[in-house]
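[1] sequence and predicted structure below; questions after.
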Amino acid sequence: MIAQAMPNSTEIITTLSNETSLIGTASTREVVQFFVLLILAYVIGLVIAHYLKLRLSHKLKSDQLVLLIRFVRVILILIVVSFSLPGLLDLSITILALVFVALVAIIGLSSQNVISNMIGGLAMLYESPFKSGDFINTNDVSGTVISTRLFSVLIRTTSGVYVQIPNAQIYSSDVSNYFAHVARRYEYVVGIRYQDDVKKATAIITRILEGYTYVLVHPAPEVFVNDIDADSVRVMFRVWFPSVWARTKDDISLQTAILPRVKAALEAEGIEMPYAHREILFTTPIVTQPGPGGK
């Protein structure tokens, strides 16, 4: 489509030859007028940016708002250049259109990834799947979003590695946002012995969860027996925490905060964690052979 829209070389040469003054001479007034219009576009961009911040700060995420403001300001500058540059350089609209089409064709043919990343960035600006500070997982990369830019997204992994992912790649892939909802549910499993009282164990775990600061009351924690295996009775408890408090996907802080308290409380009440036992049975009796001298 781009190659068909681009004029051929004969048309360009004919148009250029018909121009009486390609560069021309610009007067001081025209030059001053050009820079005044640029300054005016810059000021109008600042005013529009202030207006967008007042009207959209509660609707758009910070990264999306910054991206929208930059896009509007660039458009204003391009409009000023488009209307002022032909008169300043004494160029006709035809010449300007030919140059613009040629640039679009060159950029489109040589930088398709750049254009696709820009379109992906604008699409994510509209759909807003995540924002800075969210913990996401996409394309086997998990980490905290540092910034969302026009062409890429910068992510810091749990190992402290910064990864830059093109917008087109993120937009065309599945993205899991662990901070999109205000709360997240976690599941824990502990094993107790067969001889231990199950009701007592569940009551102890429930008491620990109800006394923990970050456990949400609504939805309430769930404690129940979910499996009985060869070595233990497995007790599962499901807990809801605020998403903003759980900073990483692996949730090491939650594991180290909850499980030791549960273990200590169960052991204090005489309920122990079982370990695997193995019993070896010999079906054929072992016959002891007499040694020398009948012994």
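    Cool, got the structure. Here the structure is a predicted model, which means the values were calculated and not measured.

[2] how about the strands in the stretch 51-200 of the chain?
    Assigned by DSSP state E, counting those that start in this stretch, the stretch 51-200 of the chain shows strands spanning 135-138, 141-148, 152-157, 162-166, 176-177, 183-192.

[3] mean pLDDT added to these, as a markdown table?
    Below are the strands of the stretch 51-200 of the chain laid out as a markdown table (pLDDT from 0 to 100):
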| stretch | mean pLDDT |
| --- | --- |
| strand 135-138 | 89 |
| strand 141-148 | 87 |
| strand 152-157 | 90 |
| strand 162-166 | 92 |
| strand 176-177 | 88 |
| strand 183-192 | 88 |
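
[4] low-confidence ranges, the stretch 101-250 of the chain, go.
    Low-confidence segments of the stretch 101-250 of the chain, defined by pLDDT under 70, are located at 101-112, 244-250.

[5] give me that answer again for 50
    Applying pLDDT under 50 to the stretch 101-250 of the chain flags no residue at all.

[6] now the helices: where do they sit in it?
    Taking DSSP state H, counting those that start in this stretch to define them, one finds helices in the stretch 101-250 of the chain at 112-127, 167-171, 198-210.

[7] got a list of contacts for the last one?
    Read it as helix 198-210. With contacts defined as CB atoms under 8 Å, 6 or more residues apart in numbering, helix 198-210 is touched by 190, 192, 215, 221, 223-225, 233, 235, 237, 239, 258, 261-262, 265-266, 269, 271. The C-beta positions use only the backbone N, C-alpha and C, and glycine is treated the same way.

[8] one more: stretch 122-132?
    By CB under 8 Å, 6+ apart, stretch 122-132 touches 60-64, 67-68, 71, 136, 145-148, 167, 170-171, 175, 177, 179-180.

[9] in it, what's buried?
    Going by neighbour count (16 or more other CB atoms under 10 Å), the buried part of stretch 122-132 is 122, 124, 125, 129, 130, 131, 132.

[10] now do the same end-to-end measure for that stretch.
    Taking CA to CA, to the nearest Å, stretch 122-132 runs 16 Å from one end to the other.

[11] now swap in stretch 131-141 and tell me
    End-to-end distance for stretch 131-141: 16 Å, by CA to CA.
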